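Novice: Provide a 3D model corresponding to the input given below.
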Amino acid sequence: MTDQAATAPPGKALVLTEEQALEIITFLTSAAEICLHEPVYYGTFRLVDGASRMIGMMLENNPEVSNEFFTAFKEHIDANKTSMMWDKPHYYDFLRSIAAQPAAELKRVRELADAEGSA
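Specialist: Down below sits the predicted model:
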């Protein structure tokens, strides 16, 4: 555990290196340009793939509070993201369902930080 992670409130520790952040930024910005030439649903794939890549990098740095969530969410994304190639209805249902999961985890992490701050 880094000194920063040891002193940070829940959910506030840094879990990406500058190099990892630049890799994600490069992926997302180059994907945006490619989307100009691809079918629309490829852009959605690139967004969820970017999320999965970022989560993978975060897991390399052992996030203290949400490690279990990130592990399960990445597995869920990776298991479903390529369904766009053979089962578009499933893929679209997957896309409609995934935003609620990190939103719920964000709420949980903020509540932990609030509880620690008022303790």
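Novice: From here on, just use CA atoms for contacts and neighbour counts.
Specialist: Noted.
Novice: all helices for this protein, in order.
Specialist: Using DSSP state H, the helices of the chain run over 3-7, 18-34, 40-60, 67-80, 88-98, 100-118.
Novice: most packed of the ones you listed?
Specialist: Most buried of these, by mean neighbour count (mean count of other Cα atoms under 10 Å): helix 40-60, with a mean of 17.
Novice: Can you name every helix or strand that it contacts?
Specialist: In terms of contacts (3 or more Cα pairs under 8 Å, 6 or more residues apart in numbering; DSSP states H and E), helix 40-60 is packed against helix 18-34, helix 67-80.
Novice: Tell me the gap between the shortest one and the middle of its chain.
Specialist: Put plainly, it is helix 67-80. Put simply, helix 67-80 sits 9 Å off its chain's centre (Cα atoms, centre = their mean, to the nearest Å).
Novice: That one to helix 88-98, inter-axis angle?
Specialist: Counting by axes from the mean of the first three to the mean of the last three Cα atoms, to 10 degrees, helix 67-80 points 160 degrees away from the direction of helix 88-98.
Novice: between helix 67-80 and helix 100-118, how big is the angle?
Specialist: Counting by the same axes, to 10 degrees, helix 67-80 lies at 170 degrees to helix 100-118.
Novice: likewise the first one?
Specialist: Taking the same axes, to 10 degrees, one finds that helix 18-34 is oriented at 150 degrees with respect to helix 100-118.
Novice: Go ahead and name everything in contact with helix 18-34.
Specialist: Residues outside helix 18-34 that contact it (Cα atoms under 8 Å, 6 or more residues apart in numbering): 43, 46-47, 50, 53-54, 57.
Novice: Would you mind checking the average pLDDT for that helix?
Specialist: Computed over helix 18-34, the mean pLDDT rounds to 91.
Novice: Output the below-cut-off pLDDT ranges for this protein.
Specialist: Along the chain, segments meeting pLDDT under 70 span 1-6, 119.
Novice: try 80
Specialist: Along the chain, the model assigns pLDDT under 80 to residues 1-8, 117-119.
Novice: Can you pull up the most central residue in it?
Specialist: When Cα atoms, centre = their mean is applied to the chain, the residue found nearest the centroid is residue 51 (3.9 Å).
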